[in-house]
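Trainee: got a predicted structure here, sequence first:
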Amino acid sequence: MRRPGRRRVTALAPAATRVAPFRRWATLALVLLVAVLSYVDRQVFTLFMDAIKRDLALTDRALGLLSGLTFALFYAIAAFPIARHADHGDRPRVIALCVVVWSIATAACGLANGFWQMALARIGLAAGEAGAGPAGQSLVVDIFPPSRRVTVLSAILAASSLGLSGGLVLGGWLSTMFDWRAVFLIVGFPGIAIGALVWLFAAEPRRGGAGEGATPLGSIAVFRTMAASRSLRWIGLSVTAVPMTGMGYLLWSPVFFQRVHGLSIAQTGFWLGGVTLIGLVLGNLAAGWLGDRFGKDDPRFNGRLAGISLLLSFPFALGFAWADDRGVALACFLVMKFLMTLYLGPTIALAFVQVPAAMRATTGATINMFIGLAGTGLGGFLVGALSDAFAGYGAASLRWSLAVISVGLLAGALAGWRAGATARPL
């Protein structure tokens, strides 16, 4: 006899039966392309932070604000009204408009002549990117069967990882031919065409009938639902603590290799982009397979997977910060990112099985808000502020600041385990 909460679900979701298989996969491909583009545009900034610092006469704290807190704050502000519309409106149109907005803002970064102009461009980038992720997650969860839910969510995260690493590689290659201003223009404008493709060709099952999310819940009801669940509260802690560490490392690792290990921008883009690609993409694909293989009968498995993987990643984070050999540092970074990445797709899936379909996009926006504010915002800012505080240690200041924020992995490990133990799937 199966224990309560272990009922196996194999039937297609109602929305999935209304979308032809080819259209379903084409839509997923477009959502994945959008995910790649969003992180290419975001990661190019981190690669050129030292050049931007020199040209705009900024401090590390100001860089932390631009790369982190400014971006994350407006990301969170824009996310909820967009997600509210995505929960009952036309999600491909939401995604397409968001892509066009952030692409124009990316190009505008290359025209900035001071802190405030760059901040305005980063705000536009954040506002555009805020809506595409939750809308894309909500859409693919609707058009694919529940037995593939963790896989498709992890595929989106793997595509984001490809954008992270691809942004480093592409930016490093372009740096050999162009300055940072031209690079922003080059990577910004192609997004307008991608937005048009999403608008024209992505499937929306609500166009053919009443979708699962046709009666959206208000934001207050969403927050009450999430606050009333012990598991969702633990998930909130997890997606706060872990991104603080993970995004802090991602935002500052290019500068770390340039300052501490003496790599050029092109070398940093090639080597760091390569190990980021391997670690994050393999981690997301492994998370999707493990989550659907062992979590489809018992979604609580996803929480246990998150807790164990985050605990194992902690020593490799410290190894990256303190290794004197660049090869050892790269190896530690690869393993750390692989293990850390095992947590996010299963964590999002664990949250989605505990909320009604009418609040999935808003739930995704809430998770993204925590990730953005704690990771891109607080994590990026803290590393910069701590680096200034440890300035007396010279180039080692970044070693100390990264080591300090690594404790977020331990908090995330506890939160992930408890989220699984207290989960109550619908």
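Mentor: Perfect, thanks for sending it.
Trainee: contacting residues around residue 385?
Mentor: 60-61, 64 (CB atoms under 8 Å, 6 or more residues apart in numbering). Placement of C-beta: from N, CA and C, glycine included.
Trainee: repeat that with 6 Å
Mentor: residue 61 (CB atoms under 6 Å, 6 or more residues apart in numbering).
Trainee: check which helix or strand it maps to.
Mentor: helix 380-389 (DSSP states H and E).
Trainee: next, the buried residues of stretch 325-343.
Mentor: Under the neighbour-count criterion of 16 or more other CB atoms under 10 Å, stretch 325-343 has 329-343 buried.
Trainee: same question for stretch 387-405.
Mentor: For stretch 387-405, a neighbour-count test (16+ other CB under 10 Å) marks 387, 389-390, 397-399, 401-402, 404-405 as buried.
Trainee: which of these sits closest to residue 379?
Mentor: Nearest to residue 379 out of the buried residues of stretch 387-405 is residue 405 (CB to CB; 6.2 Å).
Trainee: correct me, but that closest one touches residue 249?
Mentor: No. The pair residue 405 / residue 249 is not scored as a contact, 7.9 Å apart, by CB atoms under 6 Å.
Trainee: burial count for residue 174?
Mentor: Using other CB atoms under 10 Å, residue 174 has 22 other residues around it.
Trainee: please list all residues in contact with it.
Mentor: Taking CB under 6 Å, 6+ apart as the test, what residue 174 contacts is residue 183.
Trainee: next one: phi and psi at it?
Mentor: Residue 174 adopts backbone torsions of phi -70, psi -30, taken as degrees, to the nearest 10.
Trainee: same thing with residue 204?
Mentor: The phi/psi pair for residue 204 (degrees, to the nearest 10) reads phi -140, psi 100.
Trainee: what's the answer for residue 203, then?
Mentor: phi -80, psi 150.
Trainee: also residue 90?
Mentor: In this entry, residue 90 is assigned phi and psi values of phi -90, psi 100 (degrees, to the nearest 10).
Trainee: helix, strand or coil: sort out the closest residue to residue 73 other than its chain neighbours for me.
Mentor: Leaving aside its chain neighbours, residue 73 sits nearest to residue 377 (6.2 Å; criterion: CB to CB, 6 or more residues apart in numbering). Assigned by DSSP: H, G, I helix; E, B strand; the rest coil, the conformation of residue 377 is helix.
Trainee: wait, isn't residue 377 in contact with residue 67?
Mentor: No. Judged on CB under 6 Å, residue 377 makes no contact with residue 67 at a distance of 9.6 Å.
Trainee: going by distance to residue 203, which of the buried residues of stretch 325-343 wins?
Mentor: Set against residue 203, the nearest of these by CB to CB is residue 341 (27.8 Å).
Trainee: quick one: that closest one from residue 90, how far?
Mentor: Residue 341 sits at a distance of 31 Å from residue 90 (criterion: CB to CB, to the nearest Å).
Trainee: same question, residue 315
Mentor: Separation of residue 315 from residue 90 (CB to CB): 47 Å.
Trainee: what of residue 100?
Mentor: Separation of residue 100 from residue 90 (CB to CB): 15 Å.
Trainee: so for the two, which sits in the more crowded spot?
Mentor: residue 100 (19 against 16).
Trainee: for that one, what is the enclosing helix or strand?
Mentor: Going by DSSP H and E, residue 100 is part of helix 91-109.
Trainee: in stretch 247-265, what counts as buried?
Mentor: Here stretch 247-265 shows 247-261, 263, 265 as buried, counting by 16+ other CB under 10 Å.
Trainee: typo on my end, it should be stretch 270-283
Mentor: Those would be 271-273, 275-283, for stretch 270-283 by 16+ other CB under 10 Å.
Trainee: ok, and what's touching it?
Mentor: Against stretch 270-283 from outside (CB under 6 Å, 6+ apart): 158, 161-162, 164-165, 168-169, 172, 253, 257, 330, 333-334, 337-338, 341-342.
Trainee: ok, 7 Å please
Mentor: Here stretch 270-283 makes contact (CB atoms under 7 Å, 6 or more residues apart in numbering) with 158, 161-162, 164-166, 168-169, 172, 253-254, 257, 263, 330, 333-334, 337-338, 341-342.
Trainee: for residue 152, give its distance to residue 417.
Mentor: With CB to CB as the criterion, residue 152 and residue 417 are 25 Å apart.
Trainee: those two: who's more crowded?
Mentor: residue 152 (25 against 20).
Trainee: how far off centre is the host helix or strand of the more buried one?
Mentor: Using DSSP H and E, residue 152 sits within helix 149-175. Distance of helix 149-175 from the chain centroid (CA atoms, centre = their mean, to the nearest Å) equals 10 Å.
Trainee: helices or strands up against the helix or strand just after it?
Mentor: Where DSSP H and E defines the elements, the next helix or strand beyond helix 149-175 is helix 180-188. On a contact count with 3 or more CB pairs under 7 Å, 6 or more residues apart in numbering; DSSP states H and E, helix 180-188 meets helix 21-47, helix 91-109, helix 149-175.
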